[in-house]
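Asker: Have a look; sequence and predicted model below, questions after that.
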Amino acid sequence: DLHFREGIIKVTGKGNKQRLVPIGGAAKKQILIYKDQVRVHMPIEKHSEDILFLNRRGKKMTRQMVFIIIKNLAEKIGLKKTISPHTFRHSFATHLVQNGADLRAVQELLGHVSITTTEIYTHLNREDLRKSILRFHPRNKDY
């Protein structure tokens, strides 16, 4: 479900668990372009009318298909590393945490039941902290 006025989208995750996730202006713009220029020309199977991204047959796109699309695009631009949807998810969460987002908010966005699962995204902040201490603490200076 898209709620453009409110700037949110309903996401269905593992175990059919649903959550509301905010979407920014750039994402809204791209979704509208997709809906107006691509999706209108696609076949839509019965019971798939409310699904945003469909496969060629007009059915819900599987997570495996999303992985294949991302993998192929990464290869096309010459990336050697395997990129997956989880890579985007991990990068998204890491950027939020590194830029000061509340860990509970990130937990909610990712749909994690436990805050412990979300805490893995704090590892980079700890490394930044360690580097800052080594660089700036007066006891670490060479005299």
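Answerer: Sure, I can see it. Quantities reported herein were computed from a predicted structural model and do not represent experimental measurements.
Asker: and the most centrally placed residue in the chain, what helix or strand is that in?
Answerer: By C-alpha atoms, centre = their mean, the chain has its centre lying nearest to Arg89, at 3.8 Å. Using DSSP states H and E, Arg89 maps to helix 85-98.
Asker: circling back to that earlier point, was I right to think the residue nearest to the centre of the chain contacts Leu110?
Answerer: Yes - with contact defined as C-beta atoms under 8 Å, Arg89 reaches Leu110; the gap is 7.0 Å. Just so you know, the C-beta spots here come from the backbone N, C-alpha and C atoms, and that holds for glycine as well.
Asker: wouldn't Asn71 be in contact with Ser84 here?
Answerer: Actually, residue 71 is Lys. It isn't Asn. Yes - the criterion here is C-beta under 8 Å, and Lys71 meets it with Ser84 at 7.2 Å.
Asker: Against Ile8, how distant is the residue nearest to the centre of the chain?
Answerer: Going from Arg89 to Ile8 by C-beta to C-beta, to the nearest Å gives 18 Å.
Asker: Please pull out the lowest mean pLDDT helix or strand from the protein.
Answerer: Lowest by mean pLDDT, DSSP states H and E among the helices and strands of the chain is helix 123-136, with a mean of 77.
Asker: Just the strands from this protein, written as ranges.
Answerer: Using DSSP state E, the strands assigned to the chain run over residues 2-3, 8-12, 18-22.
Asker: In CSV, list those strands along with distance to Arg130.
Answerer: Converted to CSV, the strands of the chain look like this (distance: least, C-beta to C-beta, whole Å):
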stretch, distance to Arg130
strand 2-3, 42
strand 8-12, 34
strand 18-22, 32
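Asker: Would you mind saying which of these lies nearest Glu49?
Answerer: Set against Glu49 and scored by C-beta to C-beta, the strands of the chain come closest in strand 2-3, at 12.4 Å.
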